[in-house]
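1. fold the following for me, if possible:
(one chain, ligands or ions: 1)
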Amino acid sequence: MRIALYQPDIPGNTGAILRLAACLGLTVDLIEPAGFDLSDRNLKRAGMDYIERAALQRHASWEVFDEWRRSEARRLVLFTTRADAAYTDFSYGENDVLLFGRESAGVPDDVHERSDARLLIPMKAGARSLNLAMSAAMAAGEAVRQTGWRR
Ligand SMILES: C[S@@+](CC[C@H](N)C(=O)[O-])C[C@H]1O[C@@H](n2cnc3c(N)ncnc32)[C@H](O)[C@@H]1O
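-> Numbering: from 1, shown residues only. Here you go, the predicted model:
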C-alpha cells in the first residue's frame, strides 16, 4: 500500500503525510514538480524526525510515475471530490497506490481518467474539500483497517 501525491503545493501537508506514512508503514510516491524543495523548513517542521524514517520515492513527472506503477501492476486509486463512490465502500488491496491531488487544483482530467478507481470522502452539502493531509489520513486509515495494520 502506497500514498502518491500529485505535484503538491504546500510543504507542511507533505511533511504531515510523510509522518503519517512512517507511522503506518506506507511508502510515499512524490510526483514532481512539487511547489517546494524537500529541504523546506515547513516540511521538516511538520514531518519532524519521521521524515528520515519515511520511505519516499520521487518521480520526475506524472508520465514517469504512471509507467512505473503500470510496470508493477499496481492499481491506482484516486481520491477526488469529483467521484460518487464512497471510500468506505471500496475493497482495498496490498498493491494499491492511493493518489491525492494538489491543494490548489486536484488532478487534471487525464489523470482522473487513467485512474483505476475514483473515490469520495463524503462531506456535508456545500463543503468544497478536505485538507490534503486530512484526506490522506482518512483514506489510509480505512485502507489499512481493511488490509491489516503493520506493526
Ligand atoms: C484541497 S483538495 C483539492 C481541492 C481542489 N481545489 C480540487 O478542486 O480538487 C486536495 C486533495 O485532497 C483530496 N481530497 C480532499 N477532499 C476530498 C474528499 N472529500 N474526497 C476525496 N478526496 C478529497 C483530493 O485528492 C484532492 O485533490
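
2. the lengthiest helix in the chain packs against which elements?
-> Taking DSSP state H as the assignment, the helix of the chain that covers the most residues is helix 132-147. Helices and strands in packing contact with helix 132-147 are listed as strand 2-6, helix 11-24, strand 76-79, strand 97-100; criterion 3 or more Cβ pairs under 8 Å, 6 or more residues apart in numbering; DSSP states H and E. Heads up, the C-betas are built off the backbone N, CA and C, glycines and all.

3. need these in a markdown table with mean pLDDT, can you?
-> What follows is the helices and strands packed on helix 132-147, written out as a markdown table (pLDDT from 0 to 100):
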| stretch | mean pLDDT |
| --- | --- |
| strand 2-6 | 98 |
| helix 11-24 | 97 |
| strand 76-79 | 98 |
| strand 97-100 | 98 |
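
4. dump these into JSON lines; add distance to P108 and mean neighbour count as well.
-> Putting the helices and strands packed on helix 132-147 into JSON lines (distance: least, Cβ to Cβ, whole Å; neighbours: other Cβ atoms under 10 Å) gives the following:
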{"stretch": "strand 2-6", "distance to P108": "9", "mean neighbour count": "23"}
{"stretch": "helix 11-24", "distance to P108": "19", "mean neighbour count": "22"}
{"stretch": "strand 76-79", "distance to P108": "11", "mean neighbour count": "22"}
{"stretch": "strand 97-100", "distance to P108": "12", "mean neighbour count": "24"}
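
5. want to throw these into a markdown table with distance to R118?
-> Shown next, in a markdown table, are these (distance: least, Cβ to Cβ, whole Å):
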| stretch | distance to R118 |
| --- | --- |
| strand 2-6 | 13 |
| helix 11-24 | 20 |
| strand 76-79 | 5 |
| strand 97-100 | 10 |
